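K.L.:
could you look at this predicted model? Sequence included:
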Amino acid sequence: MPRARLGTGITLEYETLGDPSRPTMLLVMGLGAQLTSWDERFCRELADHGFRVVRYDNRDAGLSTFLDDGPQPDLEAVLGGDHSSTRYRIADLAGDAVGLLDALGVERAHVVGASMGGMIAQQLVIDHPARVLSLCSIMSLPGDGTSGQPTPEALAVLLRPAVAGREAAIEASMAAARVIGSPDYPRSDEELRAVTTATQDRSSRRDGVSRQIAAVVASPDRTAALRKVTVPTLVVHGEADPLVDVSGGHATAAAVPGASLLTLPGMGHDLPRALWPQVVPAIAANAHAADAAQEH
């Protein structure tokens, strides 16, 4: 896969799918997740709606740059309100996305983010409104400190310590996916093992997760800034999401003027294939509305 070296020294691994002459749709993934967490079939369905789809690894994930030099965040202190050990913020991750667009020669893109990627997408349109054609925030939250809170079980998954060894890591990832996944659309053990094994074998590193958690916790509430967003916005959220409660989606949609909200019963903190026929056309329609507005 190609890599983009940004002016900040960060290098991002990325992949493009679809017709390069079509409008770009940038997919931003969440905490510790790799670009492959955007299922290639999901990406191709989006591309079939008339987009060039770009997916990438955030810094501290997958095959992009890991900031493993220097002091590491003290998560206990960060969670307690002392953010002095935090290496970067969500705004810096949004800056990475802009750097990738620059490297690709893309002036404006449709931006779709999931979970922490939704936070990055929100910050991207806040900080760089001229670069965003439309916004889709999936299973995310505005960071107001009250909405979108996890269940104790999901929080334990988020903060789970790293395990040693390939098989143990695969088993731990499978167990985590079962906790946060969609209760009405459970994946078979065979599918879960195949996905987690492929992820583990692509990149086994999880030492960037603590830095990303610190970035999320240390970043300010986006609610007030989201009230100034003017691009077509779609918010998608599972009604059974244990990691980011559906109230996070409601709060995001309430913050953005004119935003559309699509909540899905039985969906947890993943994107079950059975729901793609609802999710993909909704994302495409939101983006096409922006394209139509550009033409007039």
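P.N.:
Perfect, thanks for sending it.

K.L.:
residues in contact with residue 207?
P.N.:
Going by CB atoms under 8 Å, 6 or more residues apart in numbering, residue 207 touches 60, 66, 68, 162. Just so you know, the C-beta spots here come from the backbone N, C-alpha and C atoms, and that holds for glycine as well.

K.L.:
show me the shaky parts of this protein.
P.N.:
By pLDDT under 70, the weakly predicted segments of the chain are 296.

K.L.:
now the strands for it?
P.N.:
Shown for the chain, the strands assigned by DSSP state E span residues 3-5, 11-17, 24-28, 52-56, 109-114, 132-138, 233-238, 260-264.

K.L.:
reformat those strands as a markdown table; add mean neighbour count.
P.N.:
Converted to a markdown table, those look like this (neighbours: other CB atoms under 10 Å):
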| stretch | mean neighbour count |
| --- | --- |
| strand 3-5 | 15 |
| strand 11-17 | 19 |
| strand 24-28 | 27 |
| strand 52-56 | 25 |
| strand 109-114 | 28 |
| strand 132-138 | 28 |
| strand 233-238 | 27 |
| strand 260-264 | 18 |
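
K.L.:
out of those, flag the one nearest residue 151.
P.N.:
Distance to residue 151, taken as CB to CB, is lowest for strand 233-238 among the strands of the chain, at 13.1 Å.

K.L.:
what pairs with that closest one, parallel or antiparallel?
P.N.:
Here strand 233-238 is paired, per DSSP bridges, with strand 132-138 (parallel), strand 260-264 (parallel).

K.L.:
quick one: that strand to strand 109-114, angle?
P.N.:
20 degrees (axes from the mean of the first three to the mean of the last three CA atoms, to 10 degrees).

K.L.:
which one of the strands paired with strand 233-238 lies nearest to residue 285?
P.N.:
Minimum separation from residue 285 across the strands paired with strand 233-238 (CB to CB) falls at strand 260-264, 8.9 Å.

K.L.:
which residues are in contact with residue 143?
P.N.:
Taking CB under 8 Å, 6+ apart, one finds 90, 119, 216, 219-223 in contact with residue 143.

K.L.:
so how far is residue 183 from the residue nearest to residue 193 when sequence neighbours are not counted?
P.N.:
For residue 193, ignoring the flanking residues on the chain, the nearest one in space by CB to CB, 6 or more residues apart in numbering is residue 174 at 6.4 Å. Distance of residue 174 to residue 183, computed by CB to CB, to the nearest Å: 16 Å.

K.L.:
again with residue 213
P.N.:
25 Å.

K.L.:
these two - which one has more neighbours?
P.N.:
Set side by side, residue 213 and residue 183 show more neighbours around residue 213, with 20 against 14, by other CB atoms under 10 Å.

K.L.:
still on that earlier bit, turn the strands of the chain into TSV, including distance to residue 250.
P.N.:
TSV is the format used below for those (distance: least, CB to CB, whole Å):
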stretch	distance to residue 250
strand 3-5	35
strand 11-17	32
strand 24-28	21
strand 52-56	27
strand 109-114	17
strand 132-138	12
strand 233-238	8
strand 260-264	7
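
K.L.:
which stretch among these approaches residue 295 most closely?
P.N.:
Closest approach to residue 295 among the strands of the chain (CB to CB): strand 132-138, 11.7 Å.

K.L.:
against residue 245, how distant is residue 143?
P.N.:
Distance, residue 143 to residue 245, using CB to CB: 14 Å.

K.L.:
let me fix that, I meant to ask about residue 173.
P.N.:
Taking CB to CB, one finds residue 173 at 22 Å from residue 245.

K.L.:
how about residue 136?
P.N.:
19 Å.

K.L.:
who's in contact with the closest residue to residue 24 other than its chain neighbours?
P.N.:
Leaving out its chain neighbours, the residue that sits closest to residue 24 by CB to CB, 6+ apart is residue 109, at 4.2 Å. Contact analysis of residue 109 by CB under 8 Å, 6+ apart lists 23-26, 54, 101, 131-133.
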